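Participant: Just need the structure, nothing else, for what follows:
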Amino acid sequence: MNRRGTTGAPLQEHDGRTPGRSEPSRHHLSITFEAFHATHARKWLTYAYLHTGNEAAARQVTRSAYQQLARLWPHALRQASVEAFAWSVLKERVVEWLYDHQRPTALTETAAFAVVTQALLRECQQQFALLESQLGLYAAIARLPERQCDVIVLRHVIGYCDGQIAALLGVDEVTVRSHASRGKRKLAAALGIDQGTTRGN
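Facilitator: Down below sits the predicted model:
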């Protein structure tokens, strides 16, 4: 991750108003934002924890992301994908926290990340299970290209389905499956595993 997040430029705050277009009512904004928050709060917190390695920090990051998103909500509702826009807000806050604290991502340290390994072990042949240590797999996942790492984590740790991941990343489901497949091939190569022994997307 870099200081500028996934878009290459810092997120800019504005009121999201478009000349000539009626604004949604305050009630509508409140209801839709609360619905979004209820849907994603637990999963966003898990994602922030995976990267910060600290529950208090994760809560701080997600609270900051939701506060910014609330200010930008009228603008967010005008986007092609509200989920993708909101996800960029969260990732920017995670990147900012890591930068401010001079910390690398804690993916390889957080206990919750073991869920990734367990899921991959279930999907792959026994050669993964023959590894003497899971640390090599942790490190290999953390070294994946950003989108491939995101897909693996969003699928296997946070529990989003491919359709939800596609909405978050602003891509289609075929692309999500492609990132997952490529990620698994890279993991197999990094760990010296015959790629023919992996199966599924």
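Participant: so how far is residue 170 from residue 148?
Facilitator: To residue 170, residue 148 is 16 Å away according to Cβ to Cβ, to the nearest Å. Placement of C-beta: from N, CA and C, glycine included.
Participant: I'd like to know which helix or strand in the chain has the lowest mean pLDDT.
Facilitator: Ranked by mean pLDDT, DSSP states H and E, the weakest helix or strand in the chain is helix 114-123, scoring a mean of 56.
Participant: Using PDB, write down the CA coordinates of stretch 179-189.
Facilitator: C-alpha atoms of stretch 179-189 as PDB (Å, rounded to 0.1, in the frame of the first residue of the first chain):
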ATOM      1  CA  HIS A 179      -7.600 -12.400  -9.500                       C
ATOM      2  CA  ALA A 180      -8.300 -15.400  -7.100                       C
ATOM      3  CA  SER A 181      -7.000 -17.900  -9.600                       C
ATOM      4  CA  ARG A 182      -3.900 -15.900 -10.400                       C
ATOM      5  CA  GLY A 183      -3.300 -15.300  -6.700                       C
ATOM      6  CA  LYS A 184      -3.400 -19.000  -6.000                       C
ATOM      7  CA  ARG A 185      -1.000 -19.800  -8.900                       C
ATOM      8  CA  LYS A 186       1.400 -17.200  -7.500                       C
ATOM      9  CA  LEU A 187       1.100 -18.800  -4.000                       C
ATOM     10  CA  ALA A 188       1.800 -22.200  -5.400                       C
ATOM     11  CA  ALA A 189       4.800 -21.000  -7.300                       C
END
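Participant: so where do the helices sit in this protein?
Facilitator: 26-52, 55-76, 82-100, 114-123, 135-142, 146-153, 162-169, 173-190 (DSSP state H).
Participant: what angle separates the longest one from helix 55-76?
Facilitator: Okay, so that is helix 26-52. Inter-element angle recorded for helix 26-52 and helix 55-76: 140 degrees (by axes from the mean of the first three to the mean of the last three Cα atoms, to 10 degrees).
Participant: surely residue 150 meets residue 169?
Facilitator: Yes. Here residue 150 reaches residue 169: they are 6.7 Å apart, a contact under Cβ atoms under 8 Å.
Participant: start to end distance for stretch 46-61?
Facilitator: Using Cα to Cα, to the nearest Å, the end-to-end distance of stretch 46-61 comes out at 11 Å.
Participant: Check which residues of that stretch are buried.
Facilitator: Buried residues in stretch 46-61, defined by neighbour count with 16 or more other Cβ atoms under 10 Å: 46-54, 57-58, 61.
Participant: about what we covered before: any idea which of the helices of the chain scores lowest on pLDDT?
Facilitator: With a mean of 56, helix 114-123 has the lowest mean pLDDT of those.
Participant: who's in contact with residue 37?
Facilitator: Residue 37 is in contact with residue 66, counting by Cβ atoms under 8 Å, 6 or more residues apart in numbering.
Participant: From what I see, residue 40 and residue 86 are in contact.
Facilitator: Yes. Using Cβ under 8 Å, residue 40 is in contact with residue 86, at 7.4 Å.
Participant: which of those two has more neighbours?
Facilitator: Using other Cβ atoms under 10 Å as the criterion, residue 40 and residue 86 rank with residue 86 on top: 25 against 22.
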